[in-house]
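Student: Below are the sequence and a predicted model; questions follow.
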Amino acid sequence: MHEFSLCEGIIRESLRQKSIPPEDIASINVAIGELAGVDIDSLQFWFPVVAAKLQLADVRLNIDIIQARVICKSCNAEFHLQKLFDPCPVCNTYANYDFLSGRELLVKSVSAK
Ligand SMILES: [Zn+2]
């Protein structure tokens, strides 16, 4: 049910932007980091349910997945982290990195009909 409340957050954020009247919204475009801990299938499943509940029928959810990029704090290598706690491919240090991207959940834009 975590994704149910995420859907609510996405829709409320979109309505707050007020660029388009709610009845004219065709789609909501979001960016989600691949390691943001979001279950995309579950998000897509719940979205129409939550949208209908909030009086937004027929609104599509478009999702861009953002690759998780990290920088190793031991050797400064930048790499694609596929799973949390994977080691650095250059120096093999475990879990010693800063995220550059891949943990975000952003409402990027709202498209009109
Ligand atoms: Zn390293």
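Tutor: It's in. The structure presented is a predicted model; accordingly, all values stated were derived computationally and were not measured. Residues are numbered from 1 along each chain as shown.

Student: How many neighbouring residues does V70 have?
Tutor: 23 (other CB atoms under 10 Å). All C-beta spots, glycine's among them, are computed from the backbone N, C-alpha and C.

Student: Apologies, that question was intended for D41.
Tutor: D41 has 9 neighbouring residues, counting by other CB under 10 Å.

Student: Just give me the residue right at the centre of the chain.
Tutor: When CA atoms, centre = their mean is applied to the chain, the residue found nearest the centroid is I32 (1.9 Å).

Student: Run through the bridge partners of that residue.
Tutor: For I32, the beta-bridge partners under DSSP bridges are I65, L105.

Student: Could you do Y94 as well?
Tutor: P87.

Student: Same check on S109?
Tutor: Here S109, judged by DSSP bridges, has bridge partners N29.

Student: How about the residues of the chain by the ion?
Tutor: C72, S74, C75, A77, C88, V90, C91 (CB under 5 Å from the ion).

Student: Tell me where this protein has helices.
Tutor: 2-17, 40-53 (DSSP state H).

Student: for the first one, which positions count as buried?
Tutor: When you say that, I think you mean helix 2-17. E3, F4, L6, C7, E8, I10, I11, S14, L15 (16 or more other CB atoms under 10 Å).

Student: okay if I get the residues you listed as TSV plus distance to Q67?
Tutor: Formatted as TSV, the buried residues of helix 2-17 follow (distance: CB to CB, whole Å):
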residue	distance to Q67
E3	21
F4	26
L6	20
C7	23
E8	27
I10	21
I11	26
S14	24
L15	29
